[in-house]
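Asks: everything below, folded, please.
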Amino acid sequence: MKLDVWLIYKCVVCDSTWKCTIVERSTVKQIGAELHLRFQENDKELAWTCAFDYNLMSRAGVQIDTAVDVEIVRTPLKTLEDGQEWIRIRLDLTHSGVIRLDRLLAQQLNVSRSRLQSWHDSGQLRVEPDEKNSLRKLARSGQIISVLRAVWR
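Replies: This next block holds a predicted model:
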């Protein structure tokens with residue numbers, strides 16, 4: 001048996017609806033039993049996660065406004081490595097994939113995105129997990145950013 005899963009949006013102004021496909025023509029085995037159960041129970045947390053999934057919304061043809069306000073809770077983590085002080089930032093995001101990492105860091109560190117890229121290129125800023133063009137990708141929960149204290153004052 002093949003299943004479809006949708007999020008159904010309703011406009012508060014005109015009452016029109018729109019169906020956003022989350023899963024299309026998949027079996028329970030493909031979806032996974034736990035996820036399938038959460039879909040069946042209309043799990044609110046899962047619905048919100050899907051609603052703010054940038055990649056999912058982009059595939060559905062939704063134009064995303066990435067000019068979002070973010071709330072940052074700061075807990076400074078300083079470490080010494082090779083005799084140098086590093087500031088570590090761990091991202092714990094409610095909804096991943098809403099804002100590019102370079103934009104988020106530039107806003108919060110009050111530096112330009114080009115300066116961030118320069119720090120990254122010279123090894124003075126690191127992103128874990130490290131991927132090609134990691135600063136230009138969407139910020140994700142669990143990422144750890146390390147900035148050499150000497151460059152960021």
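Asks: burial count for W119?
Replies: Residue neighbour count, defined by other CB atoms under 10 Å, stands at 20 for W119. Just so you know, the C-beta spots here come from the backbone N, C-alpha and C atoms, and that holds for glycine as well.
Asks: would you mind confirming that it makes contact with S146?
Replies: No - using CB atoms under 8 Å, W119 is not in contact with S146, being 10.3 Å away.
Asks: who touches both of the two?
Replies: Common neighbours of W119 and S146, counting by CB atoms under 8 Å, 6 or more residues apart in numbering, are L125.
Asks: tell me where this structure has strands.
Replies: Taking DSSP state E, the strands of the chain run over residues 3-10, 17-26, 77-81, 84-90, 125-128, 144-148.
Asks: so the chain: which segments form each domain?
Replies: The record's domain parsing of the chain by automatic domain parsing lists 3-59, 77-148.
Asks: let's have the ones you listed in CSV, adding mean pLDDT.
Replies: Formatted as CSV, those follow (pLDDT from 0 to 100):
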stretch, mean pLDDT
domain 3-59, 89
domain 77-148, 86
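Asks: please enumerate the helices of the protein.
Replies: Chain-ordered helices for the chain, with DSSP state H as the definition, fall at 28-31, 33-40, 44-51, 54-59, 101-109, 113-121.
Asks: looking at those, spot the one closest to S141.
Replies: Put simply, out of the helices of the chain the one that sits nearest S141 is helix 44-51, at 10.8 Å, with distance taken as CB to CB.
Asks: other residues contacting that closest one?
Replies: Contacts for helix 44-51 (CB under 8 Å, 6+ apart): L7, C20, I22, L35, R38, F39, L56, M57, H95.
Asks: only whichever of those residues are buried, select them in PyMOL.
Replies: Selecting just the buried residues from the contacts of helix 44-51 in PyMOL takes one command, with 16 or more other CB atoms under 10 Å as the test:
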select buried, resi 7+20+22+38+39+56+57
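Asks: pick the most buried one from the domains of the chain.
Replies: Most buried of the domains of the chain by mean neighbour count (mean count of other CB atoms under 10 Å) is domain 77-148; its value is a mean of 15.
Asks: so how far is it off the chain centroid?
Replies: Between the mean C-alpha point of domain 77-148 and the mean C-alpha point of its chain there is a distance of 13 Å (CA atoms, centre = their mean, to the nearest Å).
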